[in-house]
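In: Any chance you can model this:
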Amino acid sequence: MSGHDAKRLHDLAMAILTEREPVRVWPLLMERLIADLPVDLAVLIDLDWRAGTGHAQTGSPDWLYEAPLDALIHAHMRAHPLLRHYAHTRDRTPHSLDEVADDRWWKSEGYRAGKAAIGIDRQLALPLNSRPGQIRGVIMSRSGHGFTDRDLEFADLARSLLDTVSAYEKVVLDMPKLGDPAEYGITLREMAVLALLDEGLTAHAIGSRLQITEKTVVKHKENLYRKLGVHDRVTALKKGRSLGLLPIEPPAG
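Out: Numbers count the residues shown, from 1 in each chain. Sure, this is the predicted structure:
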């Protein structure tokens with residue numbers, strides 16, 4: 001990987017780690033992917049393949065919010081070559097549309113509808129970890145020319161970062177609605193660690209749950225303690241409850 005590509009990945013990782021508002025993480029990532037690859041648009045999708053339903057969670061640029069993305073998904077998801085590929089395989093490697101589509105796709109109603117609505121032409125998918133029967137990932141599009149091996153290599157490395165964000169997000173979203181951690185400068189990653197500390201998990205177990213190293217967990221704990229003004233786990237959990245960041249009663253078990 002070139003020095004330029006390595007810097008793009010470094011900057012992407014830093015953007016994830018330093019974002020103070022969890023709600024901003026995914027929109028930020030869509031913006032960065034557009035600039036870094038570059039592409040014309042990027043959309044985070046969440047599909048239930050078995051039910052034939054799904055939604056576009058967020059995307060960039062901003063005009064996508066007025067595009068009929070959900071209608072496109074509902075009407076054509078089962079015919080889309082990339083989505084079909086990921087639905088019927090265990091593959092989680094980023095692929096371009098050119099790699100999996102045959103001539104029928106380029107002549108299909110689904111292709112024409114996407115082209116007319118949002119100008120899609122060449123596409124690249126970053127599939128994220130998801131439950132069986134579900135497809136979660138980022139679909140990116142560009143017009144004019146396809147994706148190179150270098151683009152695919154960058155996408156594969158970026159995918160691992162996005163999978164980590166998903167792991168953090170799942171922990172935080174499973175928590176009851178409490179105080180806003182951003183008010184105290186606590187990031188999405190740190191909040192996930194705090195929630196798992198409240199479950200009694202060790203640093204090693206937290207690392208396994210969040211798909212990060214034990215060393216990274218320790219660093220997040222240090223940042224948490226500093227921001228909460230404490231020096232140990234017990235006091236951190238007590239302070240988290242007093243600030244409304246954790247439920248009054250610890251998790252059962």
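In: Tell me the secondary structure at residue 124.
Out: Following DSSP: H, G, I helix; E, B strand; the rest coil, residue 124 is assigned to strand.
In: Spatially nearest residue to the residue nearest the centre of the chain (excluding sequence neighbours)?
Out: Nearest residue to the geometric centre of the chain (CA atoms, centre = their mean): residue 162, 4.2 Å. Nearest residue to residue 162, sequence neighbours excluded (CB to CB, 6 or more residues apart in numbering): residue 128, at 5.9 Å. The way it works is simple: take the backbone N, C-alpha and C, and place the C-beta from them, glycine included.
In: Distance from whichever strand or helix holds residue 226 to the middle of the chain?
Out: Counting by DSSP states H and E, the element that carries residue 226 is helix 214-228. Average the C-alpha atoms of helix 214-228, do the same for its chain, and the two points are 22 Å apart (CA atoms, centre = their mean, to the nearest Å).
In: With stretch 155-168 instead?
Out: Distance, centroid of stretch 155-168 to centroid of chain: 6 Å (CA atoms, centre = their mean).
In: In the stretch 1-150 of the chain, mark out all the strands, start to finish.
Out: With strands called from DSSP state E, counting those that start in this stretch, the stretch 1-150 of the chain shows them at 41-48, 53-60, 95-96, 122-128, 134-142.
In: Mean pLDDT, distance to residue 29 and mean neighbour count added to these, as CSV?
Out: Output for the strands of the stretch 1-150 of the chain, formatted as CSV (pLDDT from 0 to 100; distance: least, CB to CB, whole Å; neighbours: other CB atoms under 10 Å):
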stretch, mean pLDDT, distance to residue 29, mean neighbour count
strand 41-48, 94, 8, 21
strand 53-60, 91, 9, 18
strand 95-96, 96, 19, 20
strand 122-128, 95, 10, 23
strand 134-142, 95, 8, 22
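In: Which of the ones you listed sits closest to residue 228?
Out: strand 53-60 (29.6 Å; CB to CB).
In: Please enumerate residues in contact with that closest one?
Out: Outside strand 53-60, the residues within contact range by CB atoms under 8 Å, 6 or more residues apart in numbering are 26-27, 30-31, 33-34, 41-48, 64-65, 69-70, 73-74, 77, 135.
In: Now do the biggest helix by length in the chain and strand 122-128, the angle between them.
Out: Secondary structure assigned by DSSP state H gives helix 149-173 as the longest helix of the chain. Counting by axes from the mean of the first three to the mean of the last three CA atoms, to 10 degrees, helix 149-173 lies at 40 degrees to strand 122-128.
In: Following element in sequence after helix 149-173, please.
Out: Per DSSP H and E, the first helix or strand lying C-terminal to helix 149-173 is helix 188-198.
In: how about the nearest residue to residue 134, chain neighbours excluded?
Out: residue 48 (6.0 Å).
In: Would you check that residue 166 makes contact with residue 129?
Out: Yes: using CB atoms under 8 Å, residue 166 is in contact with residue 129, at 6.4 Å.
In: what residues are shared contacts of the two?
Out: Counting by CB under 8 Å, 6+ apart, the common neighbours of residue 166 and residue 129 are residue 136.
In: where does the stretch 151-253 of the chain have low pLDDT?
Out: Residue ranges of the stretch 151-253 of the chain with pLDDT under 70: 172-177, 250-253.
In: Of the strands of the stretch 1-150 of the chain, which is nearest residue 215?
Out: Nearest to residue 215 among these is strand 122-128; the distance by CB to CB comes to 24.0 Å.
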